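Visitor: dropping the sequence and predicted coords here.
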Amino acid sequence: MDLLSNIVREATKKKFDAEMVNKVTILHFTQEPSRLVLLKALDSQDCFFCKETKQLLEEVKAQSDKIELRIYDFKADREKAAEFGVDKIPATVIMGEKDHGIRFYGIPSGYEYTSLLEAIIDVSKGETSLAQKTKEALKPIDKNIHIQVFVTPTCPYCSLAVRLGHQFALESPFIKADMIESTEFPHLANKFNVYGVPKTVINDTIFLEGTVPEDVFLGHVLKAVQ
């Protein structure tokens, strides 16, 4: 059974046809259900939505010949996962000719489906819609910044925070930005006291509650640099 309705598939294809420029590669790290059963006693993390996330990405890939989807087994392809810093699944990397640090951990469903499409299009274009002032402020960054945006699929505002994080990552080679579906990774949600979403965590020490304007988001990122 398809996850995307005919209307959503048609809208996705139309959007890709109109806005995509260059080829985009999606790397997806997952685990087959049968292997999960074998590893259950050894692995404390069950990948509850691995099957659905893989299917969703396959349906998205089918909407454009400019998208290449590569599937990796999280356990069998440990070296590849380590190369991209993937430490949990399901994990999705959106990249062009190079890795821009754009990550989705968990299924990008509900409102986060929009985040997925926008990330693909931004990477395809190789540019963002950030204000020029923001782009200039990000250029001097020379320290690693890790942005984690905790979301749920039913949150209508979360995709705005995710998009900001991903656009910041696209603009700076020192920034990595993750969407994290909080209900799929409760240990992380508990670690960072995520009681409402979106919640943005920068370098594990700086926190933003809710959606904020671009300049406020930038201010917190620059604070992390300092």
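Guide: The structure has been received and is ready for your questions.

Visitor: tell me who's in contact with Gly85.
Guide: Neighbouring residues of Gly85 by C-beta atoms under 8 Å, 6 or more residues apart in numbering: Lys176. All C-beta spots, glycine's among them, are computed from the backbone N, C-alpha and C.

Visitor: how about 10 Å then?
Guide: Listed by C-beta atoms under 10 Å, 6 or more residues apart in numbering, the contact set of Gly85 reads Ala91, Val93, Asp99, Gly101, Arg103, His146, Lys176, Asp178.

Visitor: confirm that the fifth one sits in a helix.
Guide: No. Arg103 sits outside any helix when classified using DSSP: H, G, I helix; E, B strand; the rest coil, being strand.

Visitor: gap between it and Gly110?
Guide: Applying C-beta to C-beta, to the nearest Å, the value for Arg103 to Gly110 is 18 Å.

Visitor: of these two, give the one with the bigger neighbour count.
Guide: Counted by other C-beta atoms under 10 Å, Arg103 and Gly110 do not tie: Arg103 has more neighbours, with 26 against 17.

Visitor: test my guess that that one contacts Val86.
Guide: Yes. Between Arg103 and Val86 a contact is recorded at 7.7 Å, counting by C-beta atoms under 10 Å.

Visitor: now do the shared contacts for these two.
Guide: Shared contacts of Arg103 and Val86, defined by C-beta under 10 Å, 6+ apart, are found at Leu27, Thr92, Val93.

Visitor: counting neighbours, what do you get for the second one?
Guide: It stands for Thr92. 26.

Visitor: any idea whether it is helix, strand or coil?
Guide: strand.

Visitor: what bridges to it?
Guide: As for beta bridges, Thr92 partners with His28, Phe104 under DSSP bridges.

Visitor: quick revisit: can I get the contacts of Gly85 in TSV including pLDDT?
Guide: Shown next, in TSV, are these (pLDDT from 0 to 100):
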residue	pLDDT
Ala91	98
Val93	98
Asp99	98
Gly101	98
Arg103	98
His146	98
Lys176	98
Asp178	98
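
Visitor: just those residues now: which is nearest Val225?
Guide: Val225 lies nearest to His146 out of those, by C-beta to C-beta, at 12.0 Å.
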